[in-house]
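Student: predicted model and sequence below, questions to follow.
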Amino acid sequence: MIRIVRLGSPRSAGEGLRLGTVRRPPRGVPRTEFASRDYYDVWYPMLSPTAELVTEALAAQHARDDKAWRAFARKFRAEMALPDPSRTLDLLAALSRQTDFSLGCYCEDERYCHRSILRALLEERGAKVI
């Protein structure tokens, strides 16, 4: 099963490996402490929006602008439809039926975070998502 989490939040029992689907590592945290501080075990920026889309997402998130958020979601889905991200999502969906792991981002509100779109994309591929 896949858990969709906020990076830096306490880990749940049985969560498994935590993948950080973020553009940048956490600021001010030594690389050797990413896992122990509950950020991530593996950094996987391929499943993060591009830097310009991150800027768009943050603007939509802070303004709670649904129209801007829908535009961001459409663009992020297009990025995830490219061959490498798409194959990665297929792989993660298949793995979710065999093992437990989690994907996460720093955003407080999942409704305005790319991880909500990752959740939908994985579910569309038949992933087991909690």
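Tutor: Yes, it's here. Residues are numbered from 1 along each chain as shown.
Student: the nearest residue in space to Tyr106 that is not next to it in sequence - how many residues pack around it?
Tutor: Residue nearest to Tyr106 in three dimensions, not counting chain neighbours: Leu7, with 5.2 Å by C-beta to C-beta, 6 or more residues apart in numbering. (Each C-beta comes from the backbone N, C-alpha and C, glycine too.) Leu7 has 22 neighbouring residues, counting by other C-beta atoms under 10 Å.
Student: now do the one 10 residues further on
Tutor: Residues near Leu17, counting by other C-beta under 10 Å, number 14.
Student: what residues are up against the closest residue to it other than its chain neighbours?
Tutor: Leaving out its chain neighbours, the residue that sits closest to Leu17 by C-beta to C-beta, 6+ apart is Phe101, at 4.5 Å. By C-beta atoms under 8 Å, 6 or more residues apart in numbering, Phe101 lies in contact with 2-3, 15-19, 92, 95.
Student: strands of this structure, start to end?
Tutor: 2-6, 17-20, 42-43, 101-105 (DSSP state E).
Student: residues making contact with the third one?
Tutor: If I follow you right, that is strand 42-43. 17-20, 22, 25, 34.
Student: out of the strands of the chain, which is closest to Thr55?
Tutor: strand 101-105 (14.7 Å; C-beta to C-beta).
Student: my guess is Cys105 contacts Tyr112. True?
Tutor: No - here Cys105 does not reach Tyr112: they are 10.7 Å apart, not a contact under C-beta atoms under 8 Å.
Student: more neighbours, these two?
Tutor: Using other C-beta under 10 Å as the criterion, Cys105 and Tyr112 rank with Cys105 on top: 26 against 21.
Student: show me what contacts the more buried one?
Tutor: Going by C-beta under 8 Å, 6+ apart, the list of residues near Cys105 reads 6-7, 20-22, 48, 113-115.
Student: at 7 Å instead, please
Tutor: 7, 21-22, 113-115 (C-beta atoms under 7 Å, 6 or more residues apart in numbering).
Student: how many residues are close by Arg6?
Tutor: Residues near Arg6, counting by other C-beta under 10 Å: 16.
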